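> generate coordinates for the sequence data below:
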Amino acid sequence: MRRGGASTLRDLSLTWKDPRRRVPRTDTVLADPALTAALERHGRDVVRSAVRRAQDRVRDGSLEPGAVPRAVLADLPRHATSLRPVLNCTGAVLHTNLGRAPLSAAAVEAITAAAGSTDVEMDLATGRRARRGRATMAALQAAVPAAEDVHVVNNGAAALVLAATALAAGREIVVSRGELVEIGDGFRLTDLLESTGARLREVGTTNRTHRRDYLDAIGPQTGFVLKVHPSNFVVQGFTSGVEPAELTGLGVPVVVDTGSGLLAPDPLLPDEPDAGSVLRSGADLVTSSGDKLLGGPQAGLLLGRADLVERLRRHPLARALRVDKLTLAALEATLTTAENPTWVALRADPEELRRRVGLLAAALTDQGVETGVVSTGAVVGGGGAPGVELPSVALDLPEGLARPLREDGIVGRVEKGRLLLDLRCVPAARDGEVRDRVLAVVRRGPAASTTSGND
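All right, here's what the predicted structure looks like:
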């Protein structure tokens, strides 16, 4: 018994001295109830990798065996995606780098509901195949009664590419030189259209194009006349252009790319063309985006003559450009809801913004943060309404806070050496979150100069 007892003590001593003997088994850790929710959320492979990292810490003596489940949970991603949600305090309502239009609560709910199996392409009454996204198409057509038919693809550029491919591959597209725009990330309209196999027939000059320029260019090789709204720049001075109504009756389709996704006139944006008005003026087909002024998900809208839309829908390229059920769900919810975050942000009352920013500045000042309230100008953004400035109000902070606040999910803009946080795109209910994050960043470490700026 004595020898056995000594052996047991020796074994215990070896176990204590050799950390490898203290490492809990992988299957034991994975069976811990504390990890049940994590397994459901992240999957077994991701959690197992976190378990192995925790086991390595037990081996090197930096973690106690009993703390492994807690360490695994701490090591797992907080979200199922690497995309980080941020608060847009830039003053650009449709910020391309931040995903443009934030979706409405109704659209988010619609995406969640559509995430499982849905009747996206089935008639539940007959059990047979039905038109894909028919309810979304009906909602879009109801929003633009002037359109005989509609179709949706995955973004605005795709809508124009589909039109060019189906209507003008191997033929000519007649377009004004003043409308050959460059869109985001260096992509040019000329390259986009020529990639479809169409040839561009440029007419007019940069600043002036007349109806006779189009008349002289139209011929047997013309696929269509293209009008492009210059939504991301303004040409002023000695200029002239041709409206779509002046180009009707020339024997070729008139396609208008409005770009911004505005479906009906908006008094706030009088110079921004809308799909309904353009179609009523005589255009045969309108293309635009769904994630700009419409305030919906990324999508490309095609609206117009029934025969043209059907021709585009039946083209083989349409299959490659089609949208998924989640986009269809979000777009339908956007179309059938009166307001969305983009609509609200565009119409934010400057005086209400001043009140909110003032309260935020006062709360930060009480905590020792030197700040101020400044009048500023917000923009529509997203390549839309370039000449429109929206009167706004911002919180004025040291420029040195810009990076740590970005890393903490608050994205502002730096202007004249100061960080401005514009609350136009921030729901009022989240003002406290802005305050708390600013305080947390200031208290974490040395910040830049705290000189305040005022009106």
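
> low-confidence ranges in the stretch 201-350 of the chain?
Residues of the stretch 201-350 of the chain that meet the criterion pLDDT under 70 lie in 231-237.

> helices of that one, start to end?
Along the stretch 201-350 of the chain, counting by DSSP state H, counting those that start in this stretch, helices occupy 211-217, 275-280, 306-313, 316-320, 325-335, 341-346, 350-366.

> mind listing residues that contact the second one?
Helix 275-280 is touched from outside by 144-147, 244, 256, 258, 262-265, 286, 288, 301, 303-304, with contacts defined as C-beta atoms under 8 Å, 6 or more residues apart in numbering. Using the backbone N, CA and C atoms, a C-beta is placed for each residue, glycine as well.

> re earlier: deepest-packed of the helices of the stretch 201-350 of the chain, please.
helix 325-335 (a mean of 24; mean count of other C-beta atoms under 10 Å).

> measure the residue most central in space within the chain to residue 137 for me?
Residue closest to the average C-alpha location in the chain (C-alpha atoms, centre = their mean): residue 99, at 2.5 Å. From residue 99 over to residue 137 the distance is 24 Å, taken as C-beta to C-beta, to the nearest Å.

> then residue 91?
35 Å.

> right, and the helices of the stretch 201-350 of the chain - which one's nearest residue 40?
In terms of C-beta to C-beta, the element of the helices of the stretch 201-350 of the chain nearest to residue 40 is helix 325-335, at 20.8 Å.

> for that closest one, C-alpha coordinates in PDB please.
Taking Å, rounded to 0.1, in the frame of the first residue of the first chain, the C-alpha atoms of helix 325-335 are listed here in PDB:
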ATOM      1  CA  LYS A 325     -33.800  36.300 -52.800                       C
ATOM      2  CA  LEU A 326     -32.400  38.500 -50.000                       C
ATOM      3  CA  THR A 327     -32.000  41.500 -52.400                       C
ATOM      4  CA  LEU A 328     -35.500  40.900 -53.700                       C
ATOM      5  CA  ALA A 329     -36.900  40.900 -50.200                       C
ATOM      6  CA  ALA A 330     -35.100  44.000 -49.100                       C
ATOM      7  CA  LEU A 331     -36.000  45.900 -52.300                       C
ATOM      8  CA  GLU A 332     -39.700  45.000 -52.000                       C
ATOM      9  CA  ALA A 333     -39.800  46.200 -48.300                       C
ATOM     10  CA  THR A 334     -38.000  49.400 -49.300                       C
ATOM     11  CA  LEU A 335     -40.500  50.100 -52.100                       C
END
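
> which residues does it contact?
With C-beta under 8 Å, 6+ apart, helix 325-335 has contacts from 103-104, 106-111, 113-115, 118, 120, 132-133, 135-136, 139-140, 142-143, 152, 154, 290, 294-299, 323, 340.

> keep only those of the residues you listed that are in helices.
106-111, 113-114, 135-136, 139-140, 142-143 (DSSP state H).

> and those residues, which is closest to residue 345?
The closest of the ones in helices among the contacts of helix 325-335, once distances to residue 345 are taken by C-beta to C-beta, is residue 107, at 15.2 Å.

> from what I see, the closest one and residue 340 are in contact.
Yes - judged on C-beta atoms under 8 Å, residue 107 makes contact with residue 340 at a distance of 7.3 Å.

> mutual contacts of the two, please.
By the contact definition C-beta under 8 Å, 6+ apart, residue 107 and residue 340 are jointly contacted by 296, 334.

> list the contacts for residue 376?
Residue 376 touches 91, 392, 393, 394, 415, 420, 422, counting by C-beta under 8 Å, 6+ apart.

> residue 145 - nearest residue in space that isn't next to it in sequence?
Among residues not flanking residue 145 along the chain, residue 276 sits closest, at 7.2 Å (C-beta to C-beta, 6 or more residues apart in numbering).

> quick one: the residue lying closest to residue 348 once chain neighbours are set aside from residue 280, how far?
Distances taken as C-beta to C-beta, 6+ apart put residue 424 closest to residue 348, at 4.8 Å, once the chain neighbours are dropped. Using C-beta to C-beta, one gets 32 Å for the distance from residue 424 to residue 280.

> residue 107 and residue 340: which has the busier surroundings?
Under the criterion of other C-beta atoms under 10 Å, the comparison of residue 107 against residue 340 puts residue 107 first, with 27 against 21.

> buried stuff in stretch 411-429?
Neighbour-count burial for stretch 411-429 flags 411, 412, 413, 418, 419, 420, 421, 422, 423, 424, 425, 426 (criterion: 16 or more other C-beta atoms under 10 Å).

> next one: it to chain centre, how far?
19 Å (C-alpha atoms, centre = their mean, to the nearest Å).

> what does stretch 55-73 give?
The answer for stretch 55-73 is 40 Å, by C-alpha atoms, centre = their mean.

> also stretch 74-92?
That offset, for stretch 74-92, works out to 13 Å (C-alpha atoms, centre = their mean).

> what do you get for stretch 330-345?
Worked out by C-alpha atoms, centre = their mean, stretch 330-345 lies 14 Å from the chain centre.

> now do the end-to-end distance for stretch 112-120.
14 Å (C-alpha to C-alpha, to the nearest Å).

> can you tell me what sits against it?
Here stretch 112-120 has contacts from 130, 132, 133, 325, 326, 328, 329, using C-beta under 8 Å, 6+ apart.

> now with 6 Å, please.
For stretch 112-120, contacts defined as C-beta atoms under 6 Å, 6 or more residues apart in numbering pick out 325, 326, 329.

> quick check: the gap between the first one and residue 64.
Read it as residue 325. Between residue 325 and residue 64 the computed distance is 47 Å (C-beta to C-beta).

> same question for the second one.
When distances are taken as C-beta to C-beta, residue 326 and residue 64 turn out to be 44 Å apart.

> by contact count, what packs against the host helix or strand of residue 174?
Per DSSP states H and E, residue 174 falls inside strand 172-176. The helices and strands touching strand 172-176, judged by 3 or more C-beta pairs under 6 Å, 6 or more residues apart in numbering; DSSP states H and E, are strand 199-203, strand 222-228.

> could these go into JSON lines alongside distance to residue 95 and mean neighbour count?
Formatted as JSON lines, those follow (distance: least, C-beta to C-beta, whole Å; neighbours: other C-beta atoms under 10 Å):
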{"stretch": "strand 199-203", "distance to residue 95": "31", "mean neighbour count": "18"}
{"stretch": "strand 222-228", "distance to residue 95": "23", "mean neighbour count": "23"}
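
> can you show me the helices along the stretch 351-455 of the chain?
402-407, 431-444.
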